[in-house]
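Student: when you get a sec, could you give me coordinates for this:
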Amino acid sequence: MEIIKVKNLCKNFKVKTKEPGLKGSVKSIISPSYREIEAVNNVSFQVEKGEILAFIGPNGAGKSTTIKMLTGILHPSNGHVEVAGFNPSKERKRLSYRIGTVFGQKSQLWFHLPPLDSFNLLGNIYEIDKNKLKKRIEFLKEIFEIQELMDIPVRKLSLGQRIRCEIAASILHEPEIIFLDEPTIGLDVVVKQKIRDLILKLNKEEKTTIFLTSHDSGDIEQLCKRAIIINHGELVLNESIKDLKHNYLNKKVISIKYDEPVKLMDNNFKVIKNKEGSVKVEVDTSKNDIEVILTNLISKGKVKDITISDPPLEDVISHIYKENKEVGRNAVNS
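Tutor: Numbering: from 1, shown residues only. Model prediction:
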């Protein structure tokens, strides 16, 4: 069953332009000129009820604009949107009872109040019965392990503690869909995993549909079964995480610090940097065993430090975008 339906969605903005210099400034005030920007261009997709979907793309790709249209904050220029059976731009108030949101640094918790006060205020806003609200808060305190945080002002909580409370607050009214924007940004590895576990638990126990944006490939690989990639306002890719991992998320970056400079010549990896004992190589794990590569690299000299990481997700998305554009050009020329 589809809980989100998006068809031929478009959003254009008029932006004031200004010529350089003093004359341009005066002219822009007296007789302003505008140009139109396509923030979202003919985007179509569906989300199944109970699905955890990754909606990803580089900064400025159109992600936030799309989400704002899905939640009713912005009205589309063209196209059709249906979320939980509602038209967001026409039925925003009714839709708000069916969705929850956690957007970046925009907190829904009152900064100087403890989370419990915010929960009670939100309960009144959502018109939740007092007894039901009390039971719901007790349930959320247990599932999110925030019992000891409920009487501490939000400003004194760590980022990881605040994010747990933010997600709990966003599902206080038992929404069918929750929009999570970068829920693990700025968190250390241990806390990131904790937040991921909570998201999975929420999805499993309450069948909540999760609409996730993230620049962390770990979030996407561990949480989602499908990813939609958007770039320059256009839908670039819509496929399973399994296929995405096989085709695109198959590279690792190994950074090593040696005691002294080393020489590297190996066709099984790509040398990105080799300067004064500081080495960085890229390995395609679909073609090479990373353990074999590590053994080889360690044998080259005395190792002072070593780390393994994923390439930046924006690099992966950029590669996919360029590849799809190339396919499109070839199809037109053939």
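
Student: which stretches of the stretch 151-300 of the chain form strands?
Tutor: Along the stretch 151-300 of the chain, counting by DSSP state E, counting those that start in this stretch, strands occupy 177-181, 209-213, 226-231, 234-240, 251-258, 270-275, 278-284.

Student: of all those, which one comes closest to residue 8?
Tutor: For the strands of the stretch 151-300 of the chain, distance to residue 8 was read as CB to CB. The smallest value, 10.8 Å, belongs to strand 234-240. In this view, the C-beta of every residue, glycine as well, is placed from N, C-alpha and C.

Student: run me through the strand neighbours of that closest one, direction for each.
Tutor: Counting by DSSP bridges, the strands paired with strand 234-240 are strand 226-231 (antiparallel).

Student: for the partner strand, list the C-alpha coordinates in CSV.
Tutor: These are the backbone C-alpha positions of strand 226-231, laid out as CSV (Å, rounded to 0.1, in the frame of the first residue of the first chain):
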residue,chain,number,x,y,z
ARG,A,226,15.6,1.5,-1.2
ALA,A,227,17.1,4.9,-2.1
ILE,A,228,15.9,7.7,-4.2
ILE,A,229,18.7,10.1,-5.4
ILE,A,230,17.9,13.6,-6.5
ASN,A,231,20.3,16.1,-8.1
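
Student: hmm, who's touching it?
Tutor: Contacting residues not belonging to strand 226-231 are listed as 40, 43, 45, 51, 53-58, 61-63, 66, 220, 235-241, 244, 317-318, 320-321 [CB atoms under 8 Å, 6 or more residues apart in numbering].

Student: for residue 214, what are its contacts?
Tutor: Residues touching residue 214, when contacts are defined by CB under 8 Å, 6+ apart, comprise 54, 56, 182-185, 220, 313.

Student: burial measure for residue 77, as a count.
Tutor: 16 (other CB atoms under 10 Å).

Student: report pLDDT for residue 246.
Tutor: Predicted confidence (pLDDT) at residue 246: the value is 76.

Student: could you find the closest non-adjacent residue to it?
Tutor: When the adjacent residues along the chain are set aside, residue 246 lies closest to residue 286, with 6.9 Å between them (CB to CB, 6 or more residues apart in numbering).

Student: brilliant, that's me finished.
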